[in-house]
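**Q** Okay, predicted coordinates and the sequence, questions at the end:
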Amino acid sequence: MPNRFLCCLALSICTALLLSFSSASGAVTTETLMLAIKGEPEEGYDPILGWGLYGNPLFQSTLLKRDEKLQIVPSLATKYTLSQDGLQWQLTIREDAVFSDGIPLTSEDVAFTFTTAKGAGGKVDLAHLDRVEVTGPYSLTLYLNQRDTTFINRLITLGIVPKHAYSEGYGRKPIGSGPYMLTEWTEGQQMVAEANPNYFGKPPFFKKIVFLFTDEDTSYAAAKAGKVHMVVVPQSLAHQELPEMVLRAVKSVDNRGLMFPTIPNTGQKTAEGYPIGNSVTADPAIRKAVNLALNRQVLVEGILEGYGRPAFGVCDGLPWDNQENAISDNDLTGAVTLLEKAGWKDTDNDGIREKDGLKAEFTIVYPASRLVRQYLALACADMLEKVGIKAHVEGKNNFDEIRKIMHRDVIVFGWGSHDPIELYHLYSSKNAGIEYNNAGFYTNPEVDSNLERALAAGSFDESLQFWKAAQWNGATGVNTRGDAAWAWLVNLDHTYFVHKDLDIGNSQVEPHGHGWPITANIEQWKWRR
Amino acid sequence: MRAPSISLPRVAAVTPIPRLTNRTRAWLACLSCITFLVMLFVAAALLGRSGLDIDFLHRKLAPSLAYPFGTDWLGRDMLTRTVLGLCRSLAIGLLAAGCSSVISIVLGIMAGTMGRRVDSVLSLLIDTVMATPHLVLLILVSFACGGGPQGIIIAVAVSHWPRLARIIRAELLQLRESEFIHLSRKLGKTPSWIALHHLLPHLLPQFMIGLILMFPHAILHAAGLTFLGFGLTPHEPSIGMLLSESMRHLSTGYWWLAILPGLSLVFTVKLFDILGNNLRTLLDPRTAQE
């Protein structure tokens, strides 16, 4: 058996080496595009269950969409108005939209999609949708139960599914009105999409796209051998050179940060019996000291190879971002002073501070399969040691395991959306302990008030001041100057190698999800020659 | 025409090197293996964990005098990681093989001494476990036990015992029918006397050799499980994890991340193989006096 194992190991290594050193053949410039950019959701391609939330739903079309400058432009909806009281969205949809099975898309389908998504309780947040009223074959009204300035984002992200063809298992064989239709999906291997002849927009240049679902190494090897036209690569591989391919580093709000439990451990547990609270991170001085001690630029250069930027909030650079989130980090003196002032002192000279018999130590947990998060956790633990905070690092094999301890330990999470509702999800006390939202049970009435006011503002523009105030209003907020509920670390650049002749237009600032979001403007992709 | 006579140089009288007997060679081999393994643990203690510290200034360095095994993506010393990883893998492998051998000897003796019915049941069990693909069983058990070191140890322990159990059973069955055992019985010796003076000396070598030859299996499988992501937490040094990590960088030219830890693993496993084979020469009553 050892010999057999060794043979297999040697064979695998040889194969990998052969693949890596094989010369790249020129990519075939046909109407078939080969992409290795991930995009295989466990739940299938079902918008009701969250498909398309981060990036283009591809097989379905949405009522509205964002262009490369993140401006909202019409898609299925030709007209959309919000009533004065902010509680009714009146929509008129185009009459030429047809599903890929040839059946026209009507307001009934839109109503069905929104009603089903609300009832499904999936990833799509439709808590503020009260009911949907179909007012005509191509017009409808969405009634909200409270004002919600972010609701327009649900019109942008929720792909419309056909009422007549939606059933259990839809996600495996989706029918939609998007630019492409799914023709073949071998789970874990590849998915083939062909241009939807019934698409209402301009027919896409590429008639067929093959999405390969291979792991990073295989995808990279395939790109090196000239077998794919685009490959998503981790930042650590971005400095490599691939024949016939050019690097495309796309800015994103895909961030990574440390989520702190903000309430002390009093033995409290969730309904499932998972522990809540951490007495060390419940002290704001610890959380602020962590934020001050970290050197984010070093994290960007050392772990992301420079392909990223320091993160100080969940929405850096977006219109609702508060510019005052940015701090001068790598401030070890400031961190030490803060800790000393709060009573955290190293009395037994073991390098770890104590306060009232409690050691300044906690565990940073990361999902074992995510290398960047692992490196971030290790690097943060290393940096915190310098100020007398001991961070143990632990990898968990899956998110089910993380769910059990995420209210007790510090977790390396990743977020990043084009929708400000994410701020609400992460920091509103209403979301404390609900799914991954506000897993740290953060509560601040002033922040809550600003978040509610942002939702209930008269318009999106008016809401911006409240979103910003929730982050920091001069006295309190979620950022480091305030409660330091999180220690945001880095915003990733999404790195891709693209065939030099493939024109993918201008990419928008991408949301969370390294890979699939690049397809946001896939209808515009074409060969340069 | 006569060819000129050639005067050959006189060969100096060489004292012949005394030829080593099989037994001496086996002793030497065993000692060398054990010395190396002891040195490995001593090296791990001397190197400490300082090499595991992150050093962004010395990332991805190729092997050099300062870093004989190079450094990794975070600037950690690969020699330290490899040595600590090997020790960890060895410790897990030894523990798992130890547990497995206890299961083997208990079930082997039960099958060989407790009658035909027990023998049939245990033989069926042995055949069933042996027929199950090793890796599948390992993954299933490790996953069911929640992964981590305990998952690996339990998985290896419950999947590696059948071969040794079968050997012990067969040896026992053969011994029971031996002339000298029959003779002892007829001479009125008690079963415990027979077990102590006849069965144990014959079983012990089989058991010891089986145990030692189980180590490489256990170490490799522990590394294999970790490589596949069912084992240890990724940032802790272990050979399986080092190899798994290095796969990401093989195609980018950072060969030392895979080759050196991989060779170290192969070398260590081979040592156990040599140790087991030589121990067989020394302990087996049939070859011990050669």
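**A** Looks like it arrived, so ask away.
**Q** Where do the helices of chain A begin and end?
**A** With helices called from DSSP state H, chain A shows them at A:2-21, A:107-120, A:152-157, A:216-224, A:284-293, A:296-303, A:332-341, A:371-385, A:399-405, A:421-427, A:445-456, A:460-471.
**Q** same check, this time on the stretch 1-150 of chain B
**A** With DSSP state H, counting those that start in this stretch applied, the stretch 1-150 of chain B shows helices at B:22-47, B:78-113, B:115-131, B:134-144, B:148-176, listed in chain order.
**Q** could you give the mean pLDDT of the shortest one?
**A** Mean per-residue pLDDT for helix B:134-144: 86.
**Q** Tell me how far that helix lies from the chain's centre.
**A** Offset of helix B:134-144 from its chain centre (CA atoms, centre = their mean, to the nearest Å): 20 Å.
**Q** Does it reach chain A?
**A** Yes - on the criterion CB under 8 Å from any CB of the partner chain, helix B:134-144 is in touch with chain A at B:His134. (Each C-beta comes from the backbone N, C-alpha and C, glycine too.)
**Q** cool, the third one as well?
**A** No - shown here: helix B:115-131 not in contact with chain A (CB under 8 Å from any CB), separated by at least 11.2 Å.
**Q** got the buried residues for that helix?
**A** B:Asp119, B:Leu122, B:Ile126, B:Val129 (16 or more other CB atoms under 10 Å in any protein chain shown).
**Q** ok, now the second one?
**A** Residues of helix B:78-113 classed as buried under the neighbour-count rule (16+ other CB under 10 Å) are B:78-90, B:92-97, B:99-101, B:103-105, B:107-113.
**Q** how many neighbours does the residue lying closest to B:Leu79 once chain neighbours are set aside have?
**A** Closest residue to B:Leu79 apart from its sequence neighbours, by CB to CB, 6 or more residues apart in numbering or on different chains: B:Phe69 at 4.0 Å. B:Phe69: 24 surrounding residues under other CB atoms under 10 Å in any protein chain shown.
**Q** what does A:Asn349 give?
**A** Neighbourhood size, A:Asn349 [other CB under 10 Å]: 6.
**Q** how close does it sit to A:Ala285?
**A** 21 Å (CB to CB, to the nearest Å).
**Q** Repeat that for A:Ile103.
**A** 61 Å.
**Q** ok, back up a step: TSV for the helices of the stretch 1-150 of chain B, including distance to A:His392?
**A** Below are the helices of the stretch 1-150 of chain B laid out as TSV (distance: least, CB to CB, whole Å):
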stretch	distance to A:His392
helix B:22-47	21
helix B:78-113	17
helix B:115-131	38
helix B:134-144	23
helix B:148-176	15
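**Q** Out of those helices, flag the one nearest B:Thr252.
**A** The closest of the helices of the stretch 1-150 of chain B to B:Thr252 is helix B:78-113. By CB to CB, the value is 15.6 Å.
**Q** Tell me what angle the closest one forms with helix B:115-131.
**A** 150 degrees (axes from the mean of the first three to the mean of the last three CA atoms, to 10 degrees).
**Q** In the stretch 51-200 of chain B, what residue lies closest to chain A?
**A** Here the stretch 51-200 of chain B gets closest to chain A at one residue, B:Phe56, 3.9 Å apart by CB to the nearest CB.
**Q** who touches the residue in the stretch 351-500 of chain A that chain B sits nearest to in this structure?
**A** Distance from chain B to each residue of the stretch 351-500 of chain A (CB to the nearest CB) is smallest for A:Gly395, at 4.2 Å. Applying CB atoms under 8 Å, 6 or more residues apart in numbering or on different chains, we find A:Gly395 in contact with A:Val365, A:Tyr366, A:Pro367, A:Ala368, A:Gln374, B:Thr233, B:Pro234, B:His235.
**Q** So in terms of bridging, what pairs with the first one?
**A** By that I understand A:Val365. A:Glu394, A:Ile411 (DSSP bridges).
**Q** State the distance from it to A:Thr480.
**A** According to CB to CB, A:Val365 stands 22 Å off from A:Thr480.
**Q** Which residues are in contact with B:Lys270?
**A** Counting by CB under 8 Å, 6+ apart, B:Lys270 has contacts B:Pro216.
**Q** Show the pLDDT at it.
**A** 88.
**Q** so it is in which element?
**A** helix B:256-283 (DSSP states H and E).
**Q** Check which residues of that helix are buried.
**A** B:256-262, B:264-266, B:268-269, B:271-273, B:275-276, B:278-283.
**Q** and stretch A:119-138, which residues are buried?
**A** For stretch A:119-138, burial by neighbour count (16+ other CB under 10 Å) applies to A:Gly122, A:Lys123, A:Val124, A:Asp125, A:Leu126, A:His128, A:Leu129, A:Val132, A:Val134, A:Tyr138.
**Q** Same check on stretch A:504-518?
**A** Going by 16+ other CB under 10 Å, stretch A:504-518 has these buried residues: A:504, A:507-518.
**Q** and of those, the nearest to A:Val447?
**A** Closest to A:Val447, out of all of those and judged by CB to CB, is A:His512, at 22.2 Å.
**Q** got the contact list for the residue nearest to that closest one when sequence neighbours are not counted?
**A** Excluding its sequence neighbours, the residue lying closest to A:His512 (CB to CB, 6+ apart) is A:Gly416, at 3.9 Å. When contacts are counted by CB under 8 Å, 6+ apart, A:Gly416 touches A:Ser252, A:Val253, A:Asp254, A:Asn255, A:Val314, A:Cys315, A:Glu422, A:Asn491, A:Pro511, A:His512.
**Q** so how far is B:Ser178 from the residue in the stretch 101-250 of chain B positioned nearest to chain A?
**A** Going by CB to the nearest CB, chain A is nearest to B:Thr233 of the stretch 101-250 of chain B, at 4.2 Å. Per CB to CB, B:Thr233 is found 51 Å from B:Ser178.
**Q** These two: which has the busier surroundings?
**A** Higher neighbour count among B:Thr233 and B:Ser178: B:Thr233, with 20 against 13, using other CB under 10 Å.
**Q** residue ranges with poor pLDDT in chain A?
**A** A:1-30, A:122 (pLDDT under 70).
**Q** Kindly state the beta-bridge partners for the closest residue to A:Lys173 other than its chain neighbours.
**A** Excluding the flanking residues, the one nearest A:Lys173 by CB to CB, 6+ apart is A:Leu182, at 7.0 Å. Assessed by DSSP bridges, A:Leu182 has beta-bridge partners A:Ala193.
**Q** burial count for A:Leu182?
**A** 23.
**Q** ok, it touching A:Asn196?
**A** No - counting by CB atoms under 8 Å, A:Leu182 sits too far from A:Asn196 to count as a contact (9.8 Å).
**Q** Now list whatever residues contact both of those two.
**A** Shared contacts of A:Leu182 and A:Asn196 (CB under 8 Å, 6+ apart): A:Phe59.
**Q** out of the helices of the stretch 1-150 of chain B, which comes closest to A:Trp486?
**A** The closest of those to A:Trp486 is helix B:148-176. By CB to CB, the value is 28.4 Å.
**Q** The closest one vs helix B:78-113, what angle?
**A** Calculated by the same axes, to 10 degrees, helix B:148-176 forms an angle of 40 degrees with helix B:78-113.
**Q** surely the residue of the stretch 101-250 of chain B closest to chain A meets A:Glu401?
**A** No - applying CB under 8 Å as the test, B:Thr233 and A:Glu401 come out as separate, 11.1 Å apart.
**Q** Pull up the distance across stretch A:382-401, start to finish.
**A** 24 Å (CA to CA, to the nearest Å).
**Q** wait, is the residue of the stretch 101-250 of chain B closest to chain A part of a strand?
**A** No - under DSSP: H, G, I helix; E, B strand; the rest coil, B:Thr233 sits outside any strand and is assigned coil.
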